[in-house]
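I'd like to go over a predicted model; first the sequence, then the structure.
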Amino acid sequence: MAEGGGIRGEYRVRRTLGDVVFNSVVDFFDGLFRPIQALIGSKRMPYVFVLPNLLVFVIFILIPMILNFSYAFTGGQQFFLADRTPVGGDNFAHLFDCGNFLDPNTCREDTFWIAMFNTVWFVVLQVGALVVVSLGTALVLNQKVKARAFFRSVFFYPVLLSPVVVALIWRWILQNDGLLNALIVAFGGERLPFLVSVGWTRFWVVFISVWSQMGFYTLILLAGLQSIPTELYEASSIDGANRWQAFRRITLPLLMPTMLVVLVLSVIRAVQSFDIVYAFSNGGPGTATTFMVQYIFNTAFMPPNQYGLAAAASLVLASILLILTLIQLRVGRQSELA
Amino acid sequence: MGAIGKFLGRTHGKRGPDWADYVTYLYLILGTVLMFGPVMWLVTSSFKQQSDLLRFPPRLLPYRQEMVEVSGYDEPLPLYVVVFEDGTTRELARVRRVGIEGHHVDPANPEEIIKVNINQTTPVEQVVFSFDNYIRGIERFNFLRYFVNTVTVTAVATALTLLVNSMAAFALSKYQFRGRNSIFVLMISTLLVPLSVILIPLLLTIRSVGWFDSLIGVIIPSIATPTGVFLLRQYMLTIPDELLESARLDGASEWRIYLQVILPLARPALAVLAIFSVMWRWNDFLWPLIVLQSSEYKTLQVGLSSFSGELQTQWDTLLAMTVLTLLPVTVVFAFLQKYITTGIATTGMK
Amino acid sequence: MRKLSLVLLLLAALVMSVAAQDAVELRMVWYNDGNEGEVVRDLLDRFEADNPDIKVVIETVGYSDGILQQLPLQVQAGEAPDLARLTQFAQLRDYYLDLTPYLSDAETFASYFPAPLLAAFRPDGDETGIYGIPTQLTVTGPYINRTLFEQAGVEVPSDTSDAVTWREWVDAAQAVAEATGTDYAVAIDRSGHRIAGPMISSGATIIDSEGTVTIDSEGFRAFAEELKRWHDEGLTPTDVWLGSGGNYAPATNYFLNGQVVLYMAGSWQIGNFDANIGDAFDWEAVPNPSGPGGSTGMPGGATLMAFASTEHPAEVARVMEYLASPEVYAEFTARTLFIPGHLALPEFEYVTESESAAAALNVFVAEVPKLADQAWALQLYAHFTPLANSMRDRLTQYMIGELSLDDAIARIQQDIDEAIAAAGG
């Protein structure tokens, strides 16, 4: 490396042990990569950089997706694509064979439509609650609060827990002889069937997924809030605006880009909900909390293993997600322009 | 409305604390209880005996019945306070229970059996934090093996994720080349398809490369995360191109620029991705469940899930194992929490 | 000197590692109801001592996760273990290994086991292959907590009558539960297999002699309504059927903890109850309740199957032969308190001091001749797994009010018809 002057300070060797090791690693790999660069020219080096990621991506994400696409047009129970019978669009026809699309009972594949409707209310309720709770918490934390770092961590902690663990913790609390029922009885109430009644299970599935995710969105919204310049609030209070007006006119509009990120991410995640529900209620009682991904999982992995039908359903799900995301982004862009 | 208004407004309170402040702290304290409470309840419960766990209403702390050695009996016997019809009470050891009748002996005089209705007896108990559940669980659950596997998967996958994603992000953010945008859009769009729906074709792929039932089969498919590429690329876009240009003038190779200019500057974003990756891999469940067959390769989450399937309502060992599974992430978080939360807040979503 | 011993040590290590490498390692997937895992390990240890070239690694998995869900997937993906103990043998019958060419005496081997069972292991078109062995036969049937009956002063219905209906049993159990403050009167595992026996006893004709499945019948409706009544009236722990989503779920722990009076399970629980109830209460097995369709449970059993994808078919066959040999099988049976599925066992005594266990074994053995033909036909039916799963899930939907009984029945019929069509191509 040439010595002397200028910007080189940015990447100059600092003489700690770690740096010495790091640099010898750099030198070693540099020795490997220099001939490559000499061979193909520095203009083509980005292909080398992108290659490992692209390779893994193509083999383990893209190819499976394309295979999945082919599965959707085959029938039978065979696992390997080559052994399966092509059936054209039969799987899609099967899914959409309905007397009345608003009544799953009239559909040939009733569970698909039950799962579809369940997913709709789940996404609406879960994303709604998630945004409200996260925003509220972010606003609270954005005030002059003692030990803010501590409280920020408190709300973030459940994000770290695995779906299996979260589900187990809450099943333990909500079971018939659990802590929550004990508290209710202690205050003179009657035990409630939290894990076996349709209404309650639905409520808790929404609650638990909000509980386990809100910390993440709170952090993002908090960052958005803190990037709003203080001067704007000072100016508005000089203009005589009260805090509610300041919130309406300054906070909300300036928070919109962050909100958009939160909405897009949380909608995608809500539509794809699986792990927590699988471990918590496994779609029950009956089909009360069976969502799309669980339906796809069950159709493929429970006898009679209808892989083709499952693949078709997953394509329907992916299209819905694509449309939803595009709509959100468009609405977001328009509101930004306005 | 006023209170809400104060709430929604930004920082305030040059005067003394007003009641919006009280509401704030009430909210925060309630939040703390709601966020930590369930986990604390899990932890105290995990020290309880099965009989104590079946109790309703449950007690806050783990109690354990006192046991006494009685001559003539091989095993220690549980101790009860017995109230007799005449109102006298004695501490007796129970030999056995037959229906609603308990057969007791006086530890001082073990010859004579005293039969009493069990409604007249109460166990002698004290608070004990005993690790019995943990020990029994570890014996059956093979915790150490699962732990080592999970640590291996998490560490290797995170290191590879950082390397591979940052290389791709570097190329996608700092070079103009044919296919750049298509590659980027293609990667991001796959965020829309959940892993759980491509399990079968993915399983086929893993089989054909021969990684079925091996840790590498869990690690490699997880490293090309679109989220990671996206996050790092967005961050690298903010690094000025002049730095690269002058490094090139200095004769640095592209690889050296990546390692010595880009990586150090992208450290905050890398840290965030590292945190995410550790979290994802530690908590991964579905894919390892399908790929890993031999018990020597199982990870903690998979082990815990099959353990919970096997034990059903046998909560004692199950709760202890759950605590052990969440302990490592909790400890790491406790030490790094400030760094983690500020890192995500400031870098995560630029 | 020191150096020499070091070299010798290294050499010894090398030789040993070569020997260890020479041993063929067989993977056997296994699940446990009671102590059978320990017993089979013990038996295989002896086998390995006599056959140093074979090592059998037992992979113990959960029944619901591991056997019902994961194993079929892995088998279909061509990643089957060498051996597996499972219950849904018909589901995977295209994937088993025909042991015939590898057995030293295939004829004798086949004569050890019931011919219809060996036939049910075979893929379509095969008349002679030997694909696995039953590790045990099972019969479903109810258990009662007799101590609770005594405390309540309620007579156990089967003490005085040979034909007790489900309704009479549940009414008695309800009286017991009320008198003793027990949480629940009755419990039944969440499983299509478990309810099939009561269904048939109640008069359901699910499968006919030609193998045609018809769900809608008086008897089917009668027991479905009875099952719903248990849930509606709080007679049964609702967690089992309603709190488990789309999976198999046992109610075993309710019985173990003394929280239920009558528990419909089966003979495989004897060892478990013997080991874990101890003298907490008196438990016993009672004959299956009677109805218009007789008094039948469901036959069943776990089978140890060999998979065709194995690289060591000869070694697999040797392990099978060892486990199927009358003495070894007898010891396995005696120590696990299972009902043997072996026809040529020497005399043996069950290893238990408990009278309850011995009595329960006798009760279940007496149930075998009472099994309805239909129960056998159903158990050996190629599409029984999807049928049982559909019965389980659709009836749950009926119980929580998502489907009317008519709709539930129509859906089960549709599910099974589609499963047959899917399997046909």
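All right, it came through fine.

and residue 96, backbone torsions?
Unless you meant another one, I'm taking chain A. Main-chain torsions, A:Phe96, degrees, to the nearest 10: phi -100, psi 20.

Can you look at chain C instead?
phi -80, psi 160.

Could you check how many residues crowd around the closest residue to chain C within the stretch 151-300 of chain A?
Residue of the stretch 151-300 of chain A nearest chain C, by C-beta to the nearest C-beta: A:Asn282 (2.4 Å). Every C-beta, even on glycine, is put in place using the N, C-alpha and C of the backbone. Using other C-beta atoms under 10 Å in any protein chain shown, A:Asn282 is surrounded by 19 other residues.

Next, please give the residue ranges for the strands of the stretch 51-200 of chain B.
Using DSSP state E, counting those that start in this stretch, the strands of the stretch 51-200 of chain B run over residues B:63-65, B:67-68, B:77-83, B:89-98, B:101-106, B:109-117, B:121-123, B:125-127.

Save those strands as CSV, and put in mean neighbour count, mean pLDDT and distance to C:Glu402 too.
Formatted as CSV, these follow (neighbours: other C-beta atoms under 10 Å in any protein chain shown; pLDDT from 0 to 100; distance: least, C-beta to C-beta, whole Å):
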stretch, mean neighbour count, mean pLDDT, distance to C:Glu402
strand B:63-65, 18, 80, 42
strand B:67-68, 14, 84, 50
strand B:77-83, 19, 86, 47
strand B:89-98, 17, 79, 43
strand B:101-106, 19, 81, 46
strand B:109-117, 12, 82, 46
strand B:121-123, 15, 83, 44
strand B:125-127, 13, 83, 45
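
pretty sure the residue of the stretch 151-300 of chain A closest to chain C is in a helix, no?
No - according to DSSP: H, G, I helix; E, B strand; the rest coil, A:Asn282 belongs to no helix; its state is coil.

distance of it from C:Val351?
38 Å (C-beta to C-beta, to the nearest Å).

contacting residues for the residue lying closest to C:Gln76 once chain neighbours are set aside?
Distances taken as C-beta to C-beta, 6 or more residues apart in numbering or on different chains put A:Phe79 closest to C:Gln76, at 3.9 Å, once the chain neighbours are dropped. Applying C-beta atoms under 8 Å, 6 or more residues apart in numbering or on different chains to A:Phe79 gives the contacts A:307, B:200, B:204, C:76-78.

just to revisit the earlier point, how about the residue of the stretch 151-300 of chain A closest to chain C, phi and psi?
The phi/psi pair for A:Asn282 (degrees, to the nearest 10) reads phi 50, psi 40.

Please report how far it lies from A:Ile63.
Separation of A:Asn282 from A:Ile63 (C-beta to C-beta) stands at 30 Å.

can you check A:Phe117 too?
A:Phe117 sits 33 Å away from A:Ile63, going by C-beta to C-beta.

who has more neighbours, the two?
Set side by side, A:Phe117 and A:Ile63 show more neighbours around A:Ile63, with 17 against 13, by other C-beta under 10 Å.

The residue nearest to C:Gln76: what secondary structure?
coil.

still on that earlier bit, mind listing what the nearest residue to the residue of the stretch 151-300 of chain A closest to chain C once chain neighbours are set aside touches?
Counting by C-beta to C-beta, 6+ apart, A:Asn282 lies nearest to C:Gly245, which is 2.4 Å off, once chain neighbours are set aside. By C-beta under 8 Å, 6+ apart, the contact list for C:Gly245 reads A:278, A:281-285, A:289-290.

Phi, psi for C:Gly245 please.
Here is the backbone geometry of C:Gly245 (degrees, to the nearest 10): phi 60, psi -140.

Run a quick neighbour tally on A:Ala313.
Look at A:Ala313: counted by other C-beta under 10 Å, it has 28 neighbours.

right, and it touches A:Phe112 too?
Yes - with contact defined as C-beta atoms under 8 Å, A:Ala313 counts as touching A:Phe112 (6.1 Å).

And the residue of the stretch 1-150 of chain C found nearest chain B, how far from A:Val140?
Proximity to chain B, evaluated over the stretch 1-150 of chain C using C-beta to the nearest C-beta, is greatest for C:Gly62 at 3.9 Å. Using C-beta to C-beta, C:Gly62 is found at 43 Å from A:Val140.

One more: A:Cys98?
Where A:Val140 is concerned, A:Cys98 sits at a distance of 46 Å (C-beta to C-beta).

Return, as residue ranges, the portions of chain B with sub-threshold pLDDT.
Residues of chain B that meet the criterion pLDDT under 70 lie in B:1-17, B:97-100, B:308-314, B:345-350.

Who are the contact partners of the residue nearest the centre of chain A?
A centroid search over chain A (C-alpha atoms, centre = their mean) returns A:Arg269, at 2.7 Å, as the residue closest to the centre. Taking C-beta under 8 Å, 6+ apart, we find A:Arg269 in contact with A:Gln213.

Stretch C:402-409 close to chain A?
Yes - applying C-beta under 8 Å from any C-beta of the partner chain, one finds that stretch C:402-409 is in contact with chain A at C:402-403, C:407.

Once you drop chain neighbours, what's closest to residue 332?
Chain wasn't specified; assuming chain A. A:Leu260 (4.0 Å).

look at chain C instead
That would be C:Val39: by C-beta to C-beta, 6+ apart, it lies 5.8 Å from C:Phe332.

Tell me which helix or strand the one you found sits in.
Using DSSP states H and E, C:Val39 sits in helix C:36-50.

avg pLDDT for that helix?
In this model, helix C:36-50 has an average pLDDT of 94.

domains in the chain, as residue ranges please.
No chain in the question, so chain A it is. Chain A breaks down into these domains under automatic domain parsing: A:14-62, A:90-337.

Not quite, go with chain C.
According to automatic domain parsing, the domains of chain C span C:20-137+C:300-355, C:138-299+C:370-424.

Could you look over the ones you listed and pick the most buried one?
Stretch with highest mean neighbour count among these: domain C:138-299+C:370-424 (a mean of 21; mean count of other C-beta atoms under 10 Å in any protein chain shown).

what distance separates the start and the end of that domain?
30 Å (C-alpha to C-alpha, to the nearest Å).

Now do the strands in chain C.
For chain C, the strands defined by DSSP state E occupy C:24-30, C:54-60, C:83-86, C:132-134, C:138-145, C:184-188, C:260-266, C:283-285, C:299-300, C:303-306.

how about the third one against chain B, any contact?
No - shown here: strand C:83-86 not in contact with chain B (C-beta under 8 Å from any C-beta), separated by at least 10.6 Å.

just the second one next, same as before
Yes - residues of strand C:54-60 are located near chain B by C-beta under 8 Å from any C-beta, namely C:57, C:59-60.
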